[in-house]
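K.L.:
Build me a model from this:
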Amino acid sequence: MDLLSLRYFLAVARHQHISRAAEELRVAQPSVSRTVIRLEAELGVPLFDRRGRSVRLNAHGAALLRRVDRALAELDDARREMTDAAGGAPGRVAVAAETLLQLAGVLSAFRARRPGATVRLFQAPVDSMRQHLRTAEVDFALASQPLAGPELCTSRLAREEVLLAVPWTHPLAPRDRVTVAELAGEGFVSTRPGHWQRVLLERLFAREGLAPQVVCEGDEAAATPELIGAGVGIGLMPAVARRSLGEHGPVSWLRLDAADCHRTLTLVWRRDAYLSPAAREFRRLAGELLMPDGP
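P.N.:
Numbering: from 1, shown residues only. As a prediction, the model looks like this:
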């Protein structure tokens, strides 16, 4: 099994689609198809179930994928380590996060210290972060939900309260606190399923035997305060948003009388990964700068 065949297999397995894999690899689609077929012939088992143009990883392919992920990640780590040892490059760091806006301060400080370093950012839900880490696509994941396992290391950066934001004209605006049960008939502005704000919202309501009524959902968490202020609905926001927007921002803030109404921000990396000097510098800055005023 040569490395080129394995990288082609990995791309097809990730996309479950020959054309999209070819686009990622920047090669012709027939070349990808022939390479995968040749690999299957060499191994003596089919790796994908084929129906027309669609391909689906089968049990043999899934078993190979687990090992190829680890093998290629190790080789990529080795290449970066040798490049750093030779002093031939300023380094790189790649990070996955649910919300990229919170990385702005860290990235600014990082670029000031390592102006030539390459930075790659991925906006990803937490269920995709483990894959990004396993394949060495990223050095770190910045997670607002639990992301743990024997193959991962985590460092807690901040734990902060999550508040309820409502329009200034809302009947709840003059209050300081509210229970989840009182919000049963309200429309919520939230993120898509899987994002930490949506997971927390659904968990808080489920404890009361309720389901939240989501009237607006999307991927732009930073737009939530403006949408709430415009009267679209109410929503959950981290305390850092209140500090950023100030007391005279577009929304009024209340505390929720609910246990565990907070988020914990953690930095996660592969336990056995090679971390370049640039990556270690990023990790240090993240520990110093991410939400330093959080409770």
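K.L.:
who touches stretch 68-83?
P.N.:
Under the contact criterion C-beta atoms under 8 Å, 6 or more residues apart in numbering, stretch 68-83 has outside partners 3, 6-7, 9-10, 89, 92, 134-136, 270, 273-274, 276. Yep, even glycine has a C-beta here, placed from its N, CA and C like the rest.
K.L.:
My error: substitute stretch 203-223 in the last question.
P.N.:
Residues beyond stretch 203-223 that count as contacts (C-beta under 8 Å, 6+ apart) turn out to be 98-99, 101, 123, 180-181, 183-193, 195, 197-198, 201-202, 227, 232-233, 256, 258, 261.
K.L.:
The residues you listed in helices, which ones?
P.N.:
Counting by DSSP state H, the contacts of stretch 203-223 place 197, 198, 201, 202, 227 in helices.
K.L.:
on that earlier part again, show me which of the contacts of stretch 203-223 are buried.
P.N.:
Neighbour counting by 16 or more other C-beta atoms under 10 Å classes 98-99, 180, 183, 186-191, 195, 197-198, 201-202, 227, 232-233, 256, 258, 261 among these as buried.
K.L.:
Among those residues, which are located in strands?
P.N.:
187, 188, 189, 190, 191, 256 (DSSP state E).
K.L.:
Now do the longest helix seen in the chain, average pLDDT.
P.N.:
Ranked by residue count under DSSP H, the longest helix found in the chain is helix 59-86. Mean per-residue pLDDT for helix 59-86: 83.
K.L.:
What residues sit buried inside it?
P.N.:
61, 64, 65, 68, 69, 70, 72, 73, 77, 80, 84.
K.L.:
From residue 58, how far out is residue 5?
P.N.:
17 Å (C-beta to C-beta, to the nearest Å).
K.L.:
quick one, which of these two is more surrounded?
P.N.:
A direct count of neighbours by other C-beta atoms under 10 Å for residue 5 and residue 58 places residue 5 higher, at 17 against 14.
K.L.:
all helices in this structure, in order from the N-terminus.
P.N.:
Under DSSP H, the chain gives helices at 3-15, 18-25, 29-43, 59-86, 104-113, 126-134, 196-207, 224-229, 239-245, 277-289.
K.L.:
before we move on, the earlier item: which one among the ones in strands among the buried ones among the contacts of stretch 203-223 gets closest to residue 111?
P.N.:
Closest approach to residue 111 among those (C-beta to C-beta): residue 191, at 28.0 Å.
K.L.:
ok, back up a step: tilt between the longest helix of the chain and helix 277-289?
P.N.:
Helix 59-86 runs at 90 degrees relative to helix 277-289, counting by axes from the mean of the first three to the mean of the last three C-alpha atoms, to 10 degrees.
K.L.:
tell me the angle helix 59-86 makes with helix 126-134.
P.N.:
Using the same axes, to 10 degrees, the inter-axis angle of helix 59-86 relative to helix 126-134 is 60 degrees.
K.L.:
what about this protein, any weak spots by pLDDT?
P.N.:
52-53, 88-89, 291-295 (pLDDT under 70).
K.L.:
Is it correct that residue 237 is in contact with residue 161?
P.N.:
No - taking C-beta atoms under 8 Å as the definition, residue 237 is not a contact partner of residue 161, at 10.2 Å.
K.L.:
Comparing the two, which residue is more hemmed in?
P.N.:
Legend: neighbour count by other C-beta under 10 Å for residue 237 and residue 161, higher for residue 237 (22 against 15).
K.L.:
distance of the residue lying closest to the more buried one once chain neighbours are set aside from residue 37?
P.N.:
Once flanking residues are discounted, residue 237 sits nearest to residue 165: 4.7 Å by C-beta to C-beta, 6 or more residues apart in numbering. Look at residue 165 and residue 37: by C-beta to C-beta, they are 55 Å apart.
K.L.:
Compare those two (neighbour count), which wins?
P.N.:
Per other C-beta under 10 Å, whichever of residue 165 and residue 37 has more neighbours is residue 165, with 26 against 13.
K.L.:
so the more buried one sits right up against residue 256, yeah?
P.N.:
No - contact criterion C-beta under 8 Å: residue 165 and residue 256 do not qualify, at 11.0 Å.
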